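> How does the following fold in three dimensions:
(2 chains)
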Amino acid sequence: MKKQAKALVQHPTGIIGIILVLFWVSVAILAPMLAPPQDPDNAYMMVRHGFSSLPNPPNGQSPWGTTSGGYDIFYGIIWGSRTALVLGLVTVLATATIGALAGGVCAYYGGILDGVCMRIVDLFMGIPFLIAVIVMTTVWGKGMDKIILALIVFGWHRYARMMRSEVLVVKEQEFVLAAKNMGASPMGIFFRHVLPNALSPIIILMSINIGRMVLVAASLSFVGIGAEPGFADWGQMLNFSRNWISGIPGAPFYYWYTYAYASVAIFTFVLGWTLLGDALGTMYGKQEAY
Amino acid sequence: MAIFIFKRVIGIPVTLFILSLMIFSLVLFLSPSERVAVFVSSSDALQSASLEELIERYGLDQPFYVQYGNWVKELLRGNLGWSSSARMPISEALALRIPATIELLFAGQVILLFGGIYLGTLAAEKENRFTDHCIRLLTIVGGAIPEFLVGLFLLILFYVTFDLLPPGRLGMLSTDIVNAPAFVKYTGLHLVDSLLNGQPHVFMDAFSHLILPSMAYSLGGLAATVRLMRSSLLDNLSRGYVPTARLKGLSNRQVMTRHVRRNAMLPVITFMGMRIPVLLSGSVIVETIFNFPGMGMFIVTAAQGLDFPAIIAASLAVSVIIIISNLIVDILYTVLNPQIRLDISR
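So this is what the prediction gives:
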């Protein structure tokens, strides 16, 4: 374990990944101190300085300026990190658990069960993820909880596929046969011997998928069908900036602050988790693209 | 090969049946009054009858399979309902939007294939040298940048700063030409129609409008095809047939282009097929950013306006696009793979 951690830190991209991830995790944890909410019960709603539809450049009141609608950009970025982290962790934990169990159990028992499972996984593979999530959230209604639910429904199959191919290899190994000969129950063997030995690619995929899930949620908010207006969410902040991208005649970057901070936030958050996953992959000796 | 294609085509109705069942079951989440909208074919039909009459007429108080049957019957007649967000029958809206998305999908796949082959070959030839490291860094960063950031960046760079490539699908001048009665719309694809109508300017205009969105939308996939092509080439270069071909007297270049690259391309083609749903998802973002009126933008407007019939019809249309483009990729794979080609002709 110590050796593995050392290998991870020595990996140049891994160290950048860890720094970025730790940075955003600490921002998310320290959010109430970095940007004290006006209304502690409703901390996720962005602080507003007036209701002007014009963005306001950085000033004493709002260090990074405000977007259209008077929303404080600094506040949105800080609390948006919490939204991103919570959404990423919840969806990834849920999809990984469902996917790993479904794929693992199907592969372990094999036969018809496996065949049916894989047909279902194939079907889900062919569904455009973002479009499916849009359709589900339209039918179910707006809100973060609905988005998370839709992300889980359409996101588990990658884990199922990966877990299946791992379990198919692990279940043929000597220690599993040994446990079988010693009279261990199939369920016991599965949970104690097969599952733990097939987990490493799942962990890599989870790291990469935290970024990916946050990206999909941000994309939804970006096109205006994600979080409710005013909710601290990076995608929504970019959505607010869409009308200001072209600046004013003669000064194309006049409203740079409306999109610059949110873009950097999303990019570094996703890059951090991707690099971490990439380094984990090298560490475990799995180089294929996820 | 004909047998293989025939086998693939037979499977399509089954897949379509399952998908249409899944899509129609979305209707169960809707209240009866929202469900009425799925069946109405024009805005007049909504005004002239009461809700009860409509529920009666479309059998919305009937069991699920009866409702599904009615829906399929209307579907086969080409009646997909009325879109309140596009303010026209959905079938007409789809006929306008689907070609735009297909143009984008095709442009994206071309970038994936040729960009992947070119950069992947370059990286494999310079393995572990400076060029290889640069390409590797580009693929990691390219894979992590979300489409909308790439899109916004390209828009700011090429439109706002340099005023080179504008958003939209066509310029004003070309739009007038395309909408004129003299312009025959054979396929709805501007790239094809403009050539058939002898309008090279419209072709160039449509092409220049495709560059930015297709770049924004294929960058993530390009990162993956480059990595795939590189590792697949390195793997093939270590195979036994390479020394054999060299012994036959072929030059390094000939071995690379005639044997190694053809074999190494196969995983890339498989990946392109798997990438179709991802690209279509990306079209939602990219079309919104570049104001490109395709299926992605149609779905977003429908979702914003809670236009359920449009959402359901669009889901079905997207499924059909995926099934057909997957078929094309499969056929391409058999054409390019000598093993499959020989197996089938035997």
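> in the stretch 1-150 of chain A, what residue is nearest chain B?
Closest residue of the stretch 1-150 of chain A to chain B, Cβ to the nearest Cβ: A:Leu130 (3.5 Å). The way it works is simple: take the backbone N, C-alpha and C, and place the C-beta from them, glycine included.
> Reduced to three states, what does that residue come out as?
Here A:Leu130 is recorded as helix under DSSP: H, G, I helix; E, B strand; the rest coil.
> Against the centre of chain B, work out the most remote residue.
B:Leu247 (43.5 Å; Cα atoms, centre = their mean).
> tell me the contacts of A:Pro58?
A:Pro58 sits next to A:Trp64, A:Gly65, A:Tyr257 when contact means Cβ atoms under 8 Å, 6 or more residues apart in numbering or on different chains.
> The second one contacts A:Ser52, doesn't it?
Read that as A:Gly65. No. Counting by Cβ atoms under 8 Å, A:Gly65 does not reach A:Ser52; the two are 11.8 Å apart.
> For these two, indicate the residue with more neighbours.
A:Gly65 (22 against 12; other Cβ atoms under 10 Å in any protein chain shown).
> ok, that one to A:Ala232 distance?
16 Å (Cβ to Cβ, to the nearest Å).
> for chain A, what helix or strand is lowest in average pLDDT?
Every helix and strand of chain A was ranked by mean pLDDT, DSSP states H and E. The lowest is helix A:2-10, at a mean of 67.
> got a pLDDT number for residue 170?
Looking at chain A here, since you left the chain open. Per-residue pLDDT puts A:Val170 at 83.
> please go with chain B instead
80.
> How many neighbouring residues does it have?
That count, for B:Leu170 with other Cβ under 10 Å as the rule, works out to 21.
> Could you do the one 5 residues further on as well?
Per other Cβ under 10 Å, the neighbour tally for B:Thr175 reads 15.
> Mind listing what's buried along the host helix or strand of it?
Secondary structure from DSSP states H and E places B:Thr175 in helix B:172-179. Buried residues in helix B:172-179, counted by 16 or more other Cβ atoms under 10 Å in any protein chain shown: B:Ser174, B:Ile177, B:Val178.
> so how far is that helix from its chain's centroid?
25 Å (Cα atoms, centre = their mean, to the nearest Å).
> what's in contact with it?
Contacts of helix B:172-179 (Cβ under 8 Å, 6+ apart): B:Leu170, B:Phe183, B:Lys185, B:His190, B:Asp193, B:Ser194, B:Gln199, B:His201, B:Val202, B:Asp205, B:Ala206.
> Who are the contact partners of the residue nearest the centre of chain A?
By Cα atoms, centre = their mean, chain A has its centre lying nearest to A:Ile210, at 2.5 Å. Neighbouring residues of A:Ile210 by Cβ under 8 Å, 6+ apart: A:Gly88, A:Leu89, A:Val92, A:Trp273.
> What pLDDT does the model give B:Phe106?
Listed pLDDT for B:Phe106 reads 91.
> quick one: buried residues of the strand or helix carrying it?
For B:Phe106, the host element (DSSP H and E) is helix B:90-110. By neighbour count on 16+ other Cβ under 10 Å, the buried set for helix B:90-110 is B:90-91, B:93-94, B:97-109.
> can you list contacts of the helix or strand harbouring B:Arg253?
Assigned by DSSP H and E, B:Arg253 falls within helix B:252-254. By Cβ under 8 Å, 6+ apart, the residues outside helix B:252-254 that reach it are B:Ala245, B:Arg246.
> Tell me which helix or strand comes right after it.
Following helix B:252-254 in sequence, per DSSP H and E, is helix B:261-290.
> can that next one be found next to chain A?
Yes. Contact between helix B:261-290 and chain A, assessed by Cβ under 8 Å from any Cβ of the partner chain, occurs at B:Met274, B:Pro277, B:Val278, B:Leu280, B:Ser281, B:Gly282, B:Val284, B:Ile285, B:Thr288, B:Ile289.
> surely the last one meets B:Gly168?
The one in question is B:Ile289. No. Between B:Ile289 and B:Gly168 there is no contact under Cβ under 8 Å: 11.4 Å.
> Among those two, which residue is more densely surrounded?
Between B:Ile289 and B:Gly168, counted using other Cβ under 10 Å, the more crowded position is B:Ile289 (26 against 14).
> in chain A, which spans are helices?
Using DSSP state H, the helices found in chain A span residues A:2-10, A:12-29, A:31-34, A:73-109, A:111-125, A:129-140, A:144-153, A:157-170, A:174-181, A:186-189, A:195-197, A:200-222, A:234-241, A:256-283.
> got the residues of the stretch 151-300 of chain B near chain A?
Counting by Cβ under 8 Å from any Cβ, the residues of the stretch 151-300 of chain B that sit close to chain A are B:152-153, B:155-156, B:159-161, B:224, B:227-228, B:231, B:274, B:277-278, B:280-282, B:284-285, B:288-289, B:296, B:299-300.
> and stretch B:321-331, which residues are buried?
Quick answer for stretch B:321-331 (16+ other Cβ under 10 Å): B:Ile321, B:Ile322, B:Ile323, B:Ser325, B:Asn326, B:Leu327, B:Val329, B:Asp330.
> Inside helices: which ones of those?
B:Ile321, B:Ile322, B:Ile323, B:Ser325, B:Asn326, B:Leu327, B:Val329, B:Asp330.
> follow-up on the earlier one: neighbour-wise, which one of the contacts of helix B:172-179 leads?
B:His190 leads the contacts of helix B:172-179 on contacts (other Cβ under 10 Å) with 26 neighbours.
> Show the contacting residues for the residue lying closest to that one once chain neighbours are set aside.
The shortest distance from B:His190 to any non-neighbouring residue, by Cβ to Cβ, 6 or more residues apart in numbering or on different chains, is to B:Ala206 (3.9 Å). Going by Cβ under 8 Å, 6+ apart, B:Ala206 touches B:Glu103, B:Arg169, B:Leu170, B:Ser174, B:His190, B:Leu191, B:Ser194.
> got a pLDDT number for B:Ala206?
Checking the pLDDT column for B:Ala206, the value is 85.
> so which strand or helix has it?
Secondary structure (DSSP H and E) places B:Ala206 in helix B:200-237.
> these two touch, right, B:Ile90 and B:Leu75?
No. If you go by Cβ under 8 Å, B:Ile90 and B:Leu75 don't touch, sitting 10.5 Å apart.
> hmm, back to that, chain A: which of the ones in helices among the buried residues of stretch B:321-331 is nearest?
Nearest to chain A among these, with distances taken as Cβ to the nearest Cβ, is B:Ile322, at 5.9 Å.
> Does that closest one touch A:Pro128 like I think?
Yes. Between B:Ile322 and A:Pro128 there is a contact at 7.3 Å, judged by Cβ under 8 Å.
> which neighbours do those two share?
B:Pro277, B:Leu280.
> Enumerate every residue touching residue 23.
You didn't pick a chain, so chain A it is. Contacts of A:Phe23 (Cβ under 8 Å, 6+ apart): A:Thr268, A:Gly272.
> wrong chain, I was asking about chain B
B:Ile23 touches B:Ile312, B:Ser315, B:Leu316, B:Ser319, counting by Cβ under 8 Å, 6+ apart.
> got any ranges where chain B has weak pLDDT?
Along chain B, segments meeting pLDDT under 70 span B:1, B:33, B:38-49, B:57-59, B:338-346.
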